[in-house]
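Student: Here is my input; please provide its structure:
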Amino acid sequence: MSISRRGFLTAGALAAAGTAILPGTVSAKEGKGKSKAKSTAALKLSAQIWIIPGKDLPERLATMQEWGFDGVELPGGDMLDRGLPSIIGHEKLYEDAIKNTKLKVSAICGGKGTGDARIVSEDVSKRAGGVDDVKQLLTAAGALHSTGVIYVPAFNGGTKLGNFEIRKILIDTLPALGEHAHKAGTRLVLEPLNRGEAFFLRQVADGASIVRDCKNPGLGVMGDFYHMYIEETSDLGAFISGGSYVHHSHLASRIRVLPGQDERQFVDGFRGLKWIGFQDYCSFECGVRGDAKVEIPKSMAFLREQWAKA
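Tutor: Below is the predicted model:
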């Protein structure tokens, strides 16, 4: 019987998952936990509001509700060319528009301080400004009852510091941000990226270990299927490694278009989400190949089929 390299690596990852699990995560050997987790897990679909067609915010939200979305991911920074201002200072605008629908706010993506590397800058004088900007986003996210603010510590070229130094700064800094998030009723969610975009924080387990060491309920980690395809040996193993620390997921195919628009499968990852009893949102972060009004509902149906198979 032949086995692909990825299949071989997946088997190895599952074997490792049973023996080297972070505190707070789920062991692959815990059969009872698996059964219980699967009974509580749910697929709640969300999308970044700017990929949804529409002339304005209310029309986009109405379309999302019509298509059967559960949540909406909002911008942390201005996207004025699409009629979408940052949530900061515009909380009531979004709150009033969303309350006319059944949608909930999943995550807040982007925004000043969430990917500009100031918090982990080699210039110590810049760090406080980054912390203040993230706190501002967390306050706004809490007002909108969001799952959390997505945070990338640094993109490639953003800081001259190395992995060890960056991790130490985060362990020292994130607990206070987590406390701020928890009091606001939300959380800060670390996003691992692929090596083409970030040299630091590339796997779900890396983010989970940081959250574990910070010991704060206002912090979490997420998995992005696009980045995971590049960096993880197993989607299932990745989510198991994150366990209860996983609080969001981004959906994209292998070439970063809609799920179902290439050969990328999601069953393995969805099994992982079921295993950990995932209760948060899976949100589209991708391009759309073709007519969005046709292709996005088709992709949603594909994902529900994949979830049923998981």
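Student: Where is the longest helix in the protein?
Tutor: The longest helix of the chain (DSSP state H) is helix 163-184.
Student: Can you point out the buried residues in that helix?
Tutor: Going by neighbour count (16 or more other Cβ atoms under 10 Å), the buried part of helix 163-184 is 166-167, 169-170, 173-175, 177-178, 180-182, 184. Where C-beta positions appear, they are placed from N, C-alpha and C, glycine not excepted.
Student: One more: stretch 39-50?
Tutor: Using 16+ other Cβ under 10 Å as the burial criterion, the residues of stretch 39-50 that qualify are 41, 43-50.
Student: same deal with stretch 206-224?
Tutor: Taking 16+ other Cβ under 10 Å as the basis for neighbour counts, the residues of stretch 206-224 that come out buried are 206-212, 214, 216, 218-224.
Student: quick one: which of these sit in helices?
Tutor: Judged by DSSP H, those include 206-212, 214 as members of helices.
Student: Touching, Arg60 and Pro53? I think so.
Tutor: Yes: here Arg60 lies in contact with Pro53, judged by Cβ atoms under 8 Å, at a distance of 7.3 Å.
Student: Comparing these two, which shows the higher neighbour count?
Tutor: Here Arg60 and Pro53 are compared on neighbour count by other Cβ atoms under 10 Å; more neighbours surround Arg60, at 22 against 12.
Student: list the contacts for that one?
Tutor: For Arg60, the contact set (Cβ atoms under 8 Å, 6 or more residues apart in numbering) comprises 49, 52-54.
Student: re earlier: ok, then the element right after the longest helix of the chain?
Tutor: Moving toward the C-terminus from helix 163-184, the next helix or strand (DSSP states H and E) is strand 188-190.
Student: Show me the contact partners of that next one.
Tutor: Everything outside strand 188-190 that qualifies as a contact, by Cβ under 8 Å, 6+ apart, is 107, 134, 138, 147-153, 174, 177-178, 181, 201, 207, 210-211, 218-222, 247-248.
Student: Check stretch 126-133 too.
Tutor: With contact meaning Cβ under 8 Å, 6+ apart, stretch 126-133 is reached by 111-114, 116-121, 169, 173, 176-177.
Student: where does the closest residue to Ala42 other than its chain neighbours fall, phi/psi-wise?
Tutor: By the measure of Cβ to Cβ, 6 or more residues apart in numbering, the closest residue to Ala42 outside its immediate chain neighbours is Gln279, 6.2 Å from it. When quoted as degrees, to the nearest 10, the phi and psi of Gln279 stand at phi -120, psi 0.
Student: Repeat that for Gly71.
Tutor: In terms of degrees, to the nearest 10, the main-chain angles of Gly71 are phi -140, psi 170.
Student: gap between it and Leu45?
Tutor: In this structure, Gly71 lies at 7 Å from Leu45, with Cβ to Cβ, to the nearest Å as the measure.
Student: Residues that sit against both of these two, list them.
Tutor: 281, 283.
Student: Check Lys72 and give its pLDDT.
Tutor: Not Lys; residue 72 is Val. pLDDT recorded at Val72 is 98.
Student: now for the helix or strand containing it, which elements pack on it?
Tutor: If you go by DSSP H and E, Val72 is part of strand 71-75. Counting contacts by 3 or more Cβ pairs under 8 Å, 6 or more residues apart in numbering; DSSP states H and E, strand 71-75 packs against strand 44-48, strand 104-109, strand 281-284.
Student: Look up the pLDDT of Gly113 for me, please.
Tutor: What the model reports for Gly113 is a pLDDT of 89.
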